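Chemist: Okay, here's the prediction I keep looking at, along with the sequence it came from:
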There are 2 protein chains.
Amino acid sequence: MNIGEVAERSGLPPKTIRYYEDIGLVRPLRSGNGYRAFRETDLHKLAFLGRARALGFSIEDCRTLLDLYEDESRESAQVKAVAEEHLTAIDDKIALLQSMRKTLSHLVKSCHGDERPDCPILSDLAGGMARSWKTTNHS
Amino acid sequence: MNIGEVAERSGLPPKTIRYYEDIGLVRPLRSGNGYRAFRETDLHKLAFLGRARALGFSIEDCRTLLDLYEDESRESAQVKAVAEEHLTAIDDKIALLQSMRKTLSHLVKSCHGDERPDCPILSDLAGGMARSWKTTNHS
DNA sequence: ATAGGGCTTCCAGTGACTGGAAGCTCAATA
DNA sequence: TATTGAGCTTCCAGTCACTGGAAGCCCTAT
């Protein structure tokens, strides 16, 4: 299999596949003409990587997971530990984004968004303590 | 003010402040000894940047927001547009993470996590179609 | 013979910093 | 006065996971 077919069948761009070879995640053979010659197992690995990446695992996690996948004597606890750690990281990211979202949506709602220059979004960024009550001049 | 004091008062690391100068977000003066000499306005800008970054705005968004902040004739609609676009991007990221989270937490729950090698997490990554019913050997 | 598409390598850029090295300045102490 | 040591300077390199582009080889079809 040439890289184009593997790309199509794995869903990964050729560039990414070459990159994965660069960093040692796959080791395809070479044909006489210098083209990469992928076996089914290579395709399988790449598809594995594609799914792991789609779940947000880092490349290093992917390397670990692939190693565990190939290790017949692995303990499922090892896999679970990697996944749980990643899950925690995802939860942290979600929490951070939701806290940003909360503040931001509040600010967006409080901005009239017309041709006038005064804007509670900028006031908040500028002052940190400027709130909509201030922009509506309750002082 | 030297960079150390500005760092402390703005909450940004000195490295970051130098970087912000590099890319033209702030333009502190220089003392005779070559040290950066920050004015209150520079500190103000840096604090603005810190808050905007904490809300997840990109550096380019920050540049735009700072420009709008300094532009007396801005229209609040411009600010609101930037913020709304960013809010949409945040929502997209949250949605993506939550979909990862859902799949991943399902997989984690289905993995017994002991010393045995068989693991639905790896099965899923390997096959895409392998499900927990398969790991419990209903075939 | 030529055109095209696919393949190769290598280099550079992305975003937003961060770490580290080498060296200058300044204030306080011995 | 000499010497610490902290703080400041610049510059270079690395992070993460690709992605784009250039230059050039290979293969097939016309």
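Modeler: Arrived safely, thanks for sending.
Chemist: And the spatially most central residue of chain A, how far from DNA strand D?
Modeler: Closest to where the C-alpha atoms of chain A average out (Cα atoms, centre = their mean) is A:G56, at 4.4 Å. Distance of A:G56 to DNA strand D, computed by Cβ to the nearest atom of the strand, to the nearest Å: 9 Å. For every residue, glycine as well, the C-beta is placed using N, CA and C.
Chemist: what's the nearest residue to that residue once chain neighbours are set aside in contact with, if anything?
Modeler: Nearest residue to A:G56, sequence neighbours excluded (Cβ to Cβ, 6 or more residues apart in numbering or on different chains): B:M100, at 4.8 Å. Contacts were defined as Cβ atoms under 8 Å, 6 or more residues apart in numbering or on different chains; by that measure B:M100 touches A:54-56, A:90.
Chemist: Looking at the residues you listed, which two lie furthest apart in space?
Modeler: A:A54 and A:I90 (12.7 Å; Cβ to Cβ).
Chemist: which one of the two has more residues nearby?
Modeler: A:I90 (19 against 14; other Cβ atoms under 10 Å in any protein chain shown).
Chemist: For that one, give me phi and psi.
Modeler: Main-chain torsions, A:I90, degrees, to the nearest 10: phi -60, psi -40.
Chemist: before we move on, what about A:L29?
Modeler: Note on A:L29: backbone dihedrals following degrees, to the nearest 10 are phi -80, psi 180.
Chemist: what about it, distance to DNA strand C?
Modeler: From A:L29 over to DNA strand C the distance is 10 Å, taken as Cβ to the nearest atom of the strand.
Chemist: What of A:I90?
Modeler: Distance of A:I90 to DNA strand C, computed by Cβ to the nearest atom of the strand: 19 Å.
Chemist: One more: A:E21?
Modeler: 8 Å.
Chemist: which stretches of chain A have low pLDDT?
Modeler: With pLDDT under 70 as the threshold, chain A has low-confidence stretches at A:128-139.
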